[in-house]
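Chemist: With the sequence up front, the predicted model follows.
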Amino acid sequence: MKPIDMIATDINCEDLGLSRLCLMENAGKSLSDEVAKLSTFTFSKPVKIAIFTGSGGNGGDGFVAARHLLNRGFEVDIFMLADFNNIKSSDAKTNALILKNMSPCFSRLAIHYIEDANDLNYTEIAKSNSFSEYIIIDAILGTGIKGKLRNKIKKTIEIINNSNALKIAVDIPSGMDSETGEIHDMAIKPNYTITFHKIKSGVKKAGEDFVGGIITSDIGIPIEAEIFVGKGDLQRLKKRDENSHKGNNGKILIVGGNGDYVGAPSIAGLSALSVGVDLVYIYTSRVNVSVIKSYSPDFIVKSHEGEYLTLSALDDILAIADNVDAVLLGPGAGLMNETGKLFNILVSKIKKPIVLDADALKSVDLNLIKNREDIIITPHLNEFKSFFSNIIEDTSILDKNLDNLSYMEIHDKIAIFQEITKNIKGTVVLKGKYDLIFNKNNLRINKTGNPGMTVGGTGDSLGGVALALLSQGLNTYDAGALATYINGKAGDFAQDKYGNGFRASTLSEFLGKIIVDI
Ligand SMILES: NC(=O)C1=CN([C@@H]2O[C@H](COP(=O)(O)OP(=O)(O)OC[C@H]3O[C@@H](n4cnc5c(N)ncnc54)[C@H](O)[C@@H]3O)[C@@H](O)[C@H]2O)[C@H](O)CC1
Ligand SMILES: [K+]
């Protein structure tokens, strides 16, 4: 797993009622079990355990493991690089305080705060010249490592690497980039790495010389915590750079609207603005301009003569597309033949990430987009069937909703959908009671939203949110999944406030709140 997927999954466990404190307890317990096993293979007599802890969840795993190792009869020395007041992870702090509360201490535990790494030089560890005395557990840094190592950690890593003790890294060798496996400064060179739930991509890429033997322990995370989109996925959003300037946080183009459907592009634009894009261009037919402008002074509205979009708009649209980060084609565009032709040409010529929604889905030829990874299509079930019509044989099982199916039937149904969606390289967001997000062999399910969202236009809002996230650098899979979660959550807030009478244009009132809560 990529670390960001692990971080999102950890947080999403809470949506299932599974606390991270519980995960940490399981992580520390399994760490203790594996260390005890290794100690019997490696040592003839009971050894001492030295646990080095950092300020985050990785350190928390170390504090939990200490408690379990004591009960196995080990003598445990904890060397805290961050003392109690500097522990940032609340779950880690809880577990550090448990150890602190074991006072007066009858257990064979000693806790040392390492003010200056040189203090370590005078410990038995630094002097130990064989496996015989110590196992060292590296619980300093895990998936939360960012940037250059601070000096105290670097010095500590050096001392640990120079000792002859058996070295065990928790989750990831401290100092290693958890995604790429690169070592920018330096890292613990462990004999073993004990990782939780699934091996992190960095550990897998680094190779045996840098991570030692890999042991993966299960800590009770259900597969649904990986599949269901939740608030943990908000961690995928790019943190806004303080000194970014206008346009850095996304420029988008929405092509849609015709004489009858003016609201759709505006709703998409309003929702995109409220998840924080900087510039919204809307290209539409001339009759709509004043109405769309009336929705928001932030819209830059361009148009051409006529009641609906025709090929004469092509060059203007391509010119704007050159200046934006992502393009949404379709909302309220209508089904005129020439509009369809225009969309097919736009899809062939625009090399930016594209969201294909609504009426564009009904006219764009699948073969034009099937090999592009940078496309999201956002059909509801009927649009899905017509878009993939020449691939789908039997549509009956597609209609059954997941609630009434056994787990075998759910697997069968998803397998049928994936047989269909694998025909395009991009992301398919199949809107419904549960939004199903497909990308290659991957699946996410979004459970936010409510029946109040059947009101017209909520799909336009979703398209606008997905477009905004694409323009801010998310890949189509993360953008598609997160857009369904954010849009549905806004619908839930709207229903709380307005009952089922809320309108799609109301969603933008709530979208920003969900983002800012990160
Ligand atoms: N399902 C699981 O895999 C579980 C994993 N757990 C453990 O939690 C860590 C992730 O915890 P997190 O708090 O996000 O980050 P870390 O503990 O890895 O470290 C962050 C901590 O360290 C400081 N820091 C970051 N970069 C640096 C640096 N370059 N130099 C110095 N200090 C740095 C930062 O301030 C943070 O405070 C995961 O790896 C697992 O071990 C959970 O136990 C539950 C389940
Ligand atoms: K570690």
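Modeler: On my side now, so go ahead. Ligands and ions are numbered 1, 2, ... in the order given.
Chemist: in the stretch 351-500 of the chain, what residue is nearest ligand 1?
Modeler: Taking C-beta to the nearest ligand atom, ligand 1 has its nearest neighbour within the stretch 351-500 of the chain at residue 444, 17.9 Å off. Every residue, glycine included, has its C-beta placed from N, CA and C.
Chemist: Excluding covalently adjacent residues, which one is nearest to residue 177?
Modeler: Spatial nearest neighbour of residue 177, chain neighbours left out: residue 202 (5.4 Å); criterion: C-beta to C-beta, 6 or more residues apart in numbering.
Chemist: where's the one you found, which helix or strand?
Modeler: Assigned by DSSP states H and E, residue 202 belongs to helix 201-206.
Chemist: I'd assumed residue 181 was in a helix, is it?
Modeler: No: according to DSSP: H, G, I helix; E, B strand; the rest coil, residue 181 belongs to no helix; its state is coil.
Chemist: Now do the contacts for it.
Modeler: Residue 181 is in contact with 201, 202, 203, 204, 205, 206, 207, 210, counting by C-beta atoms under 8 Å, 6 or more residues apart in numbering.
Chemist: how near is it to ligand 1?
Modeler: Computed as C-beta to the nearest ligand atom, to the nearest Å, the residue 181 to ligand 1 distance reads 14 Å.
Chemist: now residue 135
Modeler: According to C-beta to the nearest ligand atom, residue 135 and ligand 1 sit 17 Å apart.
Chemist: Now do residue 456, the pLDDT please.
Modeler: Here the pLDDT value assigned to residue 456 is 84.
Chemist: Using the record's domain definitions, break the chain down for me.
Modeler: Following automatic domain parsing, the chain resolves into domains at 3-227, 250-517.
Chemist: Now do the phi/psi pair for residue 238.
Modeler: Here is the backbone geometry of residue 238 (degrees, to the nearest 10): phi -70, psi 130.
Chemist: try residue 415
Modeler: Taking degrees, to the nearest 10, you get phi -60, psi -40 for the backbone angles of residue 415.
Chemist: So what's the residue count around it?
Modeler: 9 (other C-beta atoms under 10 Å).
Chemist: Just the pLDDT for it.
Modeler: So residue 415 comes in at 95 (pLDDT).
Chemist: for residue 327, same thing?
Modeler: Per-residue confidence (pLDDT) for residue 327: 98.
Chemist: wait, isn't it in contact with residue 255?
Modeler: Yes: when contacts are counted by C-beta atoms under 8 Å, residue 327 is listed as touching residue 255 (6.8 Å).
Chemist: Please identify every residue contacting each of those two.
Modeler: Between them, residue 327 and residue 255 share these contacting residues under C-beta under 8 Å, 6+ apart: residue 346.
Chemist: The two - which one has more neighbours?
Modeler: For residue 327 and residue 255, the more surrounded residue by other C-beta under 10 Å is residue 255, and the numbers stand at 28 against 25.
Chemist: contacting residues for that one?
Modeler: Taking C-beta under 8 Å, 6+ apart as the test, what residue 255 contacts is 265, 282-284, 309, 317, 327-330, 333, 343, 346.
Chemist: biggest separation within these, which pair?
Modeler: When C-beta to C-beta is used, the two most widely separated members of the contacts of residue 255 are 282 and 343, lying 15.6 Å apart.
Chemist: neighbour-wise, which of the two wins?
Modeler: Between residue 282 and residue 343, counted using other C-beta under 10 Å, the more crowded position is residue 282 (28 against 25).
Chemist: Surely that one forms part of a helix?
Modeler: No: remark: residue 282 does not belong to a helix; assigned using three-state DSSP, it is strand.
Chemist: looking at it, it is touching residue 257, isn't it?
Modeler: Yes: with contact defined as C-beta under 8 Å, residue 282 and residue 257 form a contacting pair (7.3 Å).
Chemist: Mutual contacts of those two, please.
Modeler: Here residue 282 and residue 257 share the contacting residues 265, 266, 292, scored by C-beta under 8 Å, 6+ apart.
Chemist: quick one: contacts of the host helix or strand of the first one?
Modeler: Okay, so that is residue 265. When elements are assigned from DSSP H and E, residue 265 belongs to helix 263-274. Residues outside helix 263-274 that contact it (C-beta under 8 Å, 6+ apart): 250, 252, 254-257, 280, 282, 284, 288, 291-292, 295-296, 298-299, 328, 331-332, 357-358, 456-457, 460-465, 467-468, 471, 487, 504-505, 507-509, 511-512.
Chemist: thinking again about what came up before, including distance to residue 171, could the contacts of residue 255 go into a markdown table?
Modeler: Putting those into a markdown table (distance: C-beta to C-beta, whole Å) gives the following:
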| residue | distance to residue 171 |
| --- | --- |
| 265 | 46 |
| 282 | 47 |
| 283 | 49 |
| 284 | 51 |
| 309 | 52 |
| 317 | 48 |
| 327 | 40 |
| 328 | 39 |
| 329 | 43 |
| 330 | 44 |
| 333 | 49 |
| 343 | 47 |
| 346 | 46 |
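Chemist: could you pick out which of those are near ligand 2?
Modeler: Subset of these in contact with ligand 2: empty, counting by C-beta under 5 Å from the ion.
Chemist: Which single one of those is nearest to ligand 1?
Modeler: Nearest to ligand 1 among the contacts of residue 255, with distances taken as C-beta to the nearest ligand atom, is residue 328, at 34.3 Å.
Chemist: For the stretch 351-500 of the chain, give me the ranges with low pLDDT.
Modeler: Scanning the stretch 351-500 of the chain for pLDDT under 70 picks out nothing.
Chemist: Would you state the helices of it in chain order?
Modeler: 358-363, 366-369, 381-387, 396-399, 407-421, 458-471, 476-498 (DSSP state H, counting those that start in this stretch).
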